[in-house]
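J.: pasting the structure only:
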Ligand SMILES: Nc1ncnc2c1ncn2[C@@H]1O[C@H](COP(=O)(O)OP(=O)(O)OP(=O)(O)O)[C@@H](O)[C@H]1O
């Protein structure tokens, strides 16, 4: 169904002694580029980990492309690529070996995965390192390879936790171009970032969460409508700062 949201969260909650995510309702449409912002400890990573199926919610519902994650976890997870903020690679593997390994986890055979692996490594400018072990990679190179791994099974919904942190300007541009191209081809991107300029420039809609709840949401223009002339940083600090 084309009208089915890419992601629908209803009353999502997770407590670690105290609430980390607190009855969160969130709806992201197909084809959107959605930025989830919030101060440290707001519950962004906890939310994304629940959506990726890595953490069980205490309450609430997660639907990915209309598929209930609790009822059909495998089908829902197939639709998703999740890039954590601290991706794990296998140091003794070379890039193609790593991508082949990840493809295998999705049931894609090596030969079938190779054209996409080539395309992703070329796009992320990693081809010249194809014969090196990933243990010698810089942080940015590891980040880019982990992104390629997340994309190897051609998912519709990309969920990325701080994907641009630690990348130099060139690498950040490559990753941003890749994400924009995913959206141009009809895919959906949800990312968290502390780089407000990234949200300003890339996102169609922005959600701001604090204490595990959505406190503001809209396009940049909608968010700014109430306070003409304000930057996203002004708004963010006003909304999330001390009362
Ligand atoms: N495994 C855990 N055990 C205990 N508390 C946790 C755990 N994971 C997260 N928390 C707590 O949940 C709250 C939300 O954390 P979360 O990592 O989701 O925030 P965040 O918005 O991603 O923050 P940041 O911007 O700093 O990455 C914090 O108070 C954090 O201390």
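T.: Okay, I see it. A quick note: this is a predicted structure, and the numbers were derived from the prediction, not measured. Numbering: from 1, shown residues only.
J.: Buried residues, stretch 18-26. List them.
T.: 19, 20, 21, 22, 24, 26 (16 or more other C-beta atoms under 10 Å). Using the backbone N, CA and C atoms, a C-beta is placed for each residue, glycine as well.
J.: which parts of this structure sit against the ligand?
T.: 16, 20, 38, 40, 41, 42, 43, 44, 45, 46 (C-beta under 6 Å from any ligand atom).
J.: Could you tell me which of the residues you listed belong to helices?
T.: Within those, residues falling in helices by DSSP state H are 44, 45, 46.
J.: so where do the helices sit in the protein?
T.: Counting by DSSP H, the helices of the chain are 44-51, 73-78, 95-105, 110-123, 139-151, 169-184, 196-202, 220-225, 232-240.
J.: okay, those in TSV with mean neighbour count next?
T.: Shown next, in TSV, are these (neighbours: other C-beta atoms under 10 Å):
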stretch	mean neighbour count
helix 44-51	23
helix 73-78	16
helix 95-105	19
helix 110-123	15
helix 139-151	21
helix 169-184	16
helix 196-202	17
helix 220-225	14
helix 232-240	16
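J.: and those as JSON lines, adding mean pLDDT and distance to residue 210?
T.: Shown next, in JSON lines, are those (pLDDT from 0 to 100; distance: least, C-beta to C-beta, whole Å):
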{"stretch": "helix 44-51", "mean pLDDT": "97", "distance to residue 210": "10"}
{"stretch": "helix 73-78", "mean pLDDT": "94", "distance to residue 210": "27"}
{"stretch": "helix 95-105", "mean pLDDT": "92", "distance to residue 210": "34"}
{"stretch": "helix 110-123", "mean pLDDT": "89", "distance to residue 210": "35"}
{"stretch": "helix 139-151", "mean pLDDT": "90", "distance to residue 210": "27"}
{"stretch": "helix 169-184", "mean pLDDT": "92", "distance to residue 210": "25"}
{"stretch": "helix 196-202", "mean pLDDT": "91", "distance to residue 210": "15"}
{"stretch": "helix 220-225", "mean pLDDT": "88", "distance to residue 210": "14"}
{"stretch": "helix 232-240", "mean pLDDT": "90", "distance to residue 210": "5"}
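J.: quick revisit: for residue 233, state which of the ones in helices among the residues of the chain next to the ligand is nearest.
T.: Nearest to residue 233 among those is residue 44, at 17.4 Å by C-beta to C-beta.
J.: Now do the contacts for the closest one.
T.: Shown here is residue 44, whose contacts under the criterion C-beta atoms under 8 Å, 6 or more residues apart in numbering are 36, 37, 38, 161, 192, 209.
J.: Domain parsing of this protein, as residue ranges.
T.: 1-79+156-243, 88-154 (automatic domain parsing).
J.: For the nearest residue to residue 142 once chain neighbours are set aside, grab the count of nearby residues.
T.: Spatial nearest neighbour of residue 142, chain neighbours left out: residue 89 (5.6 Å); criterion: C-beta to C-beta, 6 or more residues apart in numbering. When counting by other C-beta atoms under 10 Å, one arrives at 20 neighbours for residue 89.
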